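Peer 1: Task: produce atomic coordinates for the following.
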Amino acid sequence: MKFGLQFKATLENVTNVRPDGDDFRWYLKLKCGNCGEVTDKWQYITLMDSMPLKGGRGSASMVQRCKLCSRENSIDILRDTITPYNLENSERFKTMVQFECRGLEPVDFQPQAGFAASGAETTTQFSEINLQEKDWTDYDEKASESVGIYEVTHQFIKC
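Peer 2: You can find the predicted model right below:
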């Protein structure tokens, strides 16, 4: 089953908010589809991670056994679905990435460091944006204006 992570924020003078690089860490809490157990700690997956699936059925970003029922579950980041969040999306939910899940589903997401963005009216690039506090501010020298990402929230949808 595929799940989409929808991102929503208020953007001020920035656009093209995106995860930066194959080593970007998607911090998730996951629920076992068999017993309903939710992981108590944040777990992260990256595009660089690749683990073989049992029985030679390919690979996934993460393969793990449920602590409660011992079922093997997996989640894979669908690289081609990663989409930037732009100024015109401001204050609306937009799917930023999709995950292919076998035996589990994502139930929570914690944005952290590793996002990047561009100045809305300039070529200024902002990197290493940390959204853990749900807000980020900076200054675009080329435009002589403040920039920011505010009120970051998310939801998951079935695709």
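Peer 1: who does the residue nearest in space to the middle of the chain bridge with?
Peer 2: Closest residue to the average C-alpha location of the chain: Trp26 at 4.7 Å, with CA atoms, centre = their mean. When bridges are called by DSSP bridges, Trp26 pairs up with Ile45.
Peer 1: Is it in contact with Ile77, as I believe?
Peer 2: Yes. Contact status for Trp26 versus Ile77: in contact at 6.7 Å, counting by CB atoms under 8 Å. Just so you know, the C-beta spots here come from the backbone N, C-alpha and C atoms, and that holds for glycine as well.
Peer 1: what is in contact with these two at once?
Peer 2: Shared contacts of Trp26 and Ile77 (CB atoms under 8 Å, 6 or more residues apart in numbering): Ile45, Thr46, Val97.
Peer 1: tell me the contacts of the second one?
Peer 2: By CB under 8 Å, 6+ apart, Thr46 lies in contact with Asp22, Asp23, Phe24, Arg25, Trp26, Ser61, Ile77.
Peer 1: Quick check: phi and psi at it.
Peer 2: Main-chain torsions, Thr46, degrees, to the nearest 10: phi -130, psi 160.
Peer 1: Right, I'll leave it there.
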